[in-house]
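> Below is the sequence, then the predicted model.
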Amino acid sequence: MNIEITKTTSPKTVPTDNLGFGKIFTDHMFVADYSRDKGWYNARIVPFGNLSMHPASTVFHYGAEIFEGLKAYRRADGKVQLFRPIENVRRMNNSAERLRLPQMAEEDMLQAIKELVKVEERWVPHKDGESLYIRPFLFGNDEHLGVHSIVNATFVIICSPSGSYYAEGINPVKIMIEEDDVRAVRGGTGFAKCGGNYAAANRAGEKAEQLGYTQVLWLDGVERKYIEEVGAMNVMFKIDGEIVTPALTGSILPGITRKSCIEVLKSEGYKVSERLLSIDELTEAMENGTLEEAWGCGTAAVVSPIGQLFYKGKTYTINNNEIGNVTQKLYNKLTGIQWGKIEDTYGWTVEI
Ligand SMILES: *Cc1c(COP(=O)(O)O)cnc(C)c1O
């Protein structure tokens, strides 16, 4: 793919403090257009700025939007690397397939990510735990209100330097199990990384926030009986020595961190089961003390220990509200590989 690069004439000063998450953006962005006739065209890296869009654009009315999230990490030797980017590329195309948005050749999408990170190299932070968050997104962009299959689309990648998720240490989070709203159902879009799933989650998220919980743990959309995932993370439990994580039944986002955790745990000899886990089994394990650890896993936090679960008016405390051994081990292993501090024996990292 030919990517035309236009550099900004007024590069910003790269901030080094209070990066937070998703508030600061780099100097450039990648944009490509698609039409059914031409395929992908006009791939370009241009100065970061607003998008000009027709008010009837499909995405504003019918929600045809998907996205990805990955990071560029600064290694100790100063070089920059990505973590399993091909997995993000493939998931993007799987999400596109579900929403009938156009797919992009794997090598082209990977090239777009790499070239943008190369252009923005100086924005990849140097401090421990910090990274450059990369957000590719793709939306239907037809300029009329008829409900049709999508003919025009736009692919954009923006980058945002982000601070350490654990600037104040790895503190276990408090999570509310939602009993009313559901996030996704089998046959729906739960396995696709699309904005619509987040829109559907807003109401429960706000309720959790008001009650003092950080995130929502979703139950399945049909029986509200089986554990699915947390907000923007997959979820894992250590029950009586066995690591249990909900199976990918179609309504759960297939996380790359989830997959990596499973691979690391299996190679270290743990018993890992991807299976159905009912809320009854979980509450029983919390009551009889066999729930040893619980954690969420996703690109943003890597792993996030769960210290408290709230369900049907009852609060359960897990592992004394402390990070558990397996959670800590996974954290060390994955962040070690991502920031190039330990050897990547899995071949997961890609140097820029
Ligand atoms: C992105 C995401 C995850 C985590 O996926 P990773 O690839 O590990 O970052 C989990 N659940 C949802 C709903 C997500 O959008």
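Everything's here; your move. Just so it is clear, the model here is predicted, and its values are computed rather than measured. Numbers count the residues shown, from 1 in each chain.

> Who are the contact partners of the residue lying closest to Arg90 once chain neighbours are set aside?
Of all residues beyond its chain neighbours, the one nearest Arg90 is Glu106 (6.8 Å), with distances taken as Cβ to Cβ, 6 or more residues apart in numbering. Yep, even glycine has a C-beta here, placed from its N, CA and C like the rest. Contact analysis of Glu106 by Cβ atoms under 8 Å, 6 or more residues apart in numbering lists Ile86, Val89, Arg90, Asn93.

> could those be laid out in a markdown table, adding distance to Tyr270?
Output for those, formatted as a markdown table (distance: Cβ to Cβ, whole Å):
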| residue | distance to Tyr270 |
| --- | --- |
| Ile86 | 25 |
| Val89 | 29 |
| Arg90 | 26 |
| Asn93 | 31 |
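
> Those in helices, which ones?
Those of those mapping onto helices are Ile86, Val89, Arg90, Asn93, per DSSP state H.

> Got a PyMOL select line for the buried ones in those?
Restricted to buried positions by 16 or more other Cβ atoms under 10 Å, the PyMOL selection for these reads:
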select buried, resi 89+90+93
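
> Just the pLDDT at the residue nearest to Arg90, thanks.
What the model reports for Glu106 is a pLDDT of 98.

> What's the separation between it and Asn42?
20 Å (Cβ to Cβ, to the nearest Å).

> Once you drop chain neighbours, what's closest to the residue of the stretch 51-200 of the chain found nearest the ligand?
When scored by Cβ to the nearest ligand atom, the stretch 51-200 of the chain has Lys193 as its residue closest to the ligand, at 5.0 Å. Nearest-residue entry for Lys193: Ser95, 5.0 Å, with adjacent residues in sequence omitted and distances by Cβ to Cβ, 6+ apart.

> State the three-state secondary structure for that neighbour.
Of the three states, Ser95 takes helix under DSSP: H, G, I helix; E, B strand; the rest coil.

> Gly190 is in contact with that one, correct?
No: Ser95 lies out of contact with Gly190 (Cβ atoms under 8 Å); the separation is 10.9 Å.

> between the two, who's got more neighbours?
Gly190 (26 against 23; other Cβ atoms under 10 Å).

> who touches the nearest residue to that one once chain neighbours are set aside in this structure?
Excluding its sequence neighbours, the residue lying closest to Gly190 (Cβ to Cβ, 6+ apart) is Ala184, at 2.7 Å. Applying Cβ under 8 Å, 6+ apart to Ala184 gives the contacts Gly190, Phe191, Asn197, Ala200, Trp218, Gly221, Glu228, Ser251, Ile252.

> Now, those that are in helices?
Per DSSP H, these map to helices at Asn197, Ala200.

> what number of residues lie near the residue nearest to Thr299 when sequence neighbours are not counted?
Excluding its sequence neighbours, the residue lying closest to Thr299 (Cβ to Cβ, 6+ apart) is Gly69, at 5.2 Å. By other Cβ under 10 Å, the residues close to Gly69 number 17.

> and the gap between Gly69 and Ala301?
Using Cβ to Cβ, Gly69 is found at 12 Å from Ala301.

> what does the stretch 251-352 of the chain have sitting close to the ligand?
Remark: the part of the stretch 251-352 of the chain in contact with the ligand comprises Leu253, Gly255, Ile256, Thr257, Arg258, Gly298, Thr299, using Cβ under 6 Å from any ligand atom.

> Inside strands: which ones of those?
Gly298 (DSSP state E).

> for the residues of the stretch 251-352 of the chain next to the ligand, which one is nearest Thr327?
Ranked by distance to Thr327 (Cβ to Cβ), these are led by Thr257 at 12.4 Å.

> Surely the closest one and Trp295 touch.
No: if you go by Cβ under 8 Å, Thr257 and Trp295 don't touch, sitting 10.4 Å apart.

> what residues do these two have in common as contacts?
If you check Thr257 and Trp295 against Cβ under 8 Å, 6+ apart, the residues they both contact are Val303.
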